[in-house]
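Trainee: Pasting a predicted model and its sequence here:
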Amino acid sequence: MDYINRQISEVILQANRYYPVTIITGPRQTGKTTLARHLFADYNFVNLEDIATRNRAVDDINSFLDSLGEKAIIDEVQNYPPIMSSIQARVDADKSLRYILTGSNNFSLLHNSMQSLAGRASLFTVLPFSFSELSDKYLDISTSQLMLRGFYPGTIADDIPPEIFYRNYYATYIERDIRSLFQIQHLDKFQLFLRLCASRAGNELNMASIAVEAGVSAPTIASWISLLKASYIIYTLPPYYANISKRLTKTPKIYFYDSGLLCYLLGIENFSQLDTHPLRGFIFENIAVTELLKNRYNQAKDPNLYFYRENSGREVDIVQTNPDGLHIYEIKAGKTFQPDFTKNLKYLASLLPDVKNSTVIYDGETHGTDLINLRAL
């Protein structure tokens, strides 16, 4: 299997020159360990997922860290959070030490431990592959195939059929790990909740509605949403607030980090089924929005994406805040450009003087300054 270079590599290497601790987080099986071992091949490596290794750390943390030397990769560090305090004491005493920490849960779950590394660590998020990281060898398939396959290394570099990969990913990570970590009692209701979230991808997140359909309380749904966000299953896109005399929505939209998992949760099993699926447009939108998000994370920058929606229903899919002004996007799954694709873009540009670019992202082949194919993101 050939190594596929990750765009985030350069900024990780740059930060490593200045910070003694580098933290690489993101969903499970996105290649965090492969990336760390590729970039820092001369570092000692340990994995705290291994029980024997973790027991060594628990029994005598100082001896354990001594055995790793001056440069080490510690994989799945969330399995023993106290190790961070010991690392903090060591790098405070010796700035030449270098530690690469990886973890499959969002480090907001470990915020108490992370406080000890404030000012000593650089933090990076590695997501599934982006279009710009993949060659034509991997992209020269239909859009429905792209959506169903998703962008995890397992389905791309390892060529695991998506129906096998996502079934196992769901069973081992989402059902087993997340459920046990947070002691979720009602698996059937949690499973229904996941599929309800999938059915709302690309739409505003109505927790009260999901609570009624799942048969649990609204606070439980809020807790489960936070759990999925912290575990890099979903993210929410906030609405853009403009200083104009319009009534704007205040509810975020929900998206999945990977379209393959989204398709699996929707029960989509093959390309022909996806071609005619009623939610195909939202799955297409999910890929486009997530691709823009990946571009930010791969530059080690904070998300700058929003959506615009008036209570009347008029909407623009993406408002991106850049130093030169606002870049706005409309996302359409069609292959043929239609003049009304730009209707809402023109409307919003007339309201907001700082709009610098208006672009339609669609599935066709014609390109221009205001019209691009999904794969060109």
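Mentor: Right, received. Where do you want to start? Numbers count the residues shown, from 1 in each chain.
Trainee: any low-confidence regions in this protein?
Mentor: By pLDDT under 70, the low-scoring segments of the chain are 1, 105-114, 179-182.
Trainee: the strands in it, which residues?
Mentor: Under the criterion DSSP state E, the chain carries strands at the ranges 21-25, 44-47, 71-75, 98-103, 121-125, 234-237, 253-256, 305-309, 315-322, 325-331, 355-362, 371-373.
Trainee: Nearest approach to Glu269 belongs to which of these?
Mentor: If you check each of those against Glu269 by C-beta to C-beta, strand 253-256 wins as the nearest, at 17.3 Å. (Glycine included, C-beta is placed from N, CA and C.)
Trainee: Tabulate the CA atom coordinates of that closest one in CSV.
Mentor: Taking C-alpha atoms only, strand 253-256 is exported to CSV below (Å, rounded to 0.1, in the frame of the first residue of the first chain):
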residue,chain,number,x,y,z
LYS,A,253,-27.3,22.7,10.7
ILE,A,254,-26.0,19.1,11.2
TYR,A,255,-23.5,17.4,9.0
PHE,A,256,-21.4,14.2,9.1
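Trainee: List of residues touching it?
Mentor: Applying C-beta atoms under 8 Å, 6 or more residues apart in numbering, the set of residues contacting strand 253-256 from outside is 197-198, 200-205, 233-237, 239, 262, 265, 286, 289-290, 307.
Trainee: Please give me every residue in contact with Lys332.
Mentor: In this structure, Lys332 makes contact with Gly281, Gln338, Phe341, Val360, Ile361, Tyr362, Asp363, judged by C-beta under 8 Å, 6+ apart.
Trainee: What is the burial count for Lys250?
Mentor: Neighbourhood size, Lys250 [other C-beta atoms under 10 Å]: 11.
Trainee: Also the one 3 residues further on?
Mentor: By the criterion of other C-beta under 10 Å, Lys253 has 24 neighbours.
Trainee: do the same with the one 5 residues further on
Mentor: Counted with other C-beta under 10 Å, residues neighbouring Asp258 total 26.
Trainee: again, but for the one 5 residues further on
Mentor: Using other C-beta under 10 Å, Cys263 is surrounded by 29 other residues.
Trainee: Give me the PyMOL select line for the contacts of strand 253-256, limited to the buried ones.
Mentor: Those of the contacts of strand 253-256 that meet the burial criterion (16 or more other C-beta atoms under 10 Å) are gathered into one PyMOL selection, given here:
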select buried, resi 197+198+200+201+202+204+205+233+234+235+237+239+262+265+286+289+290+307
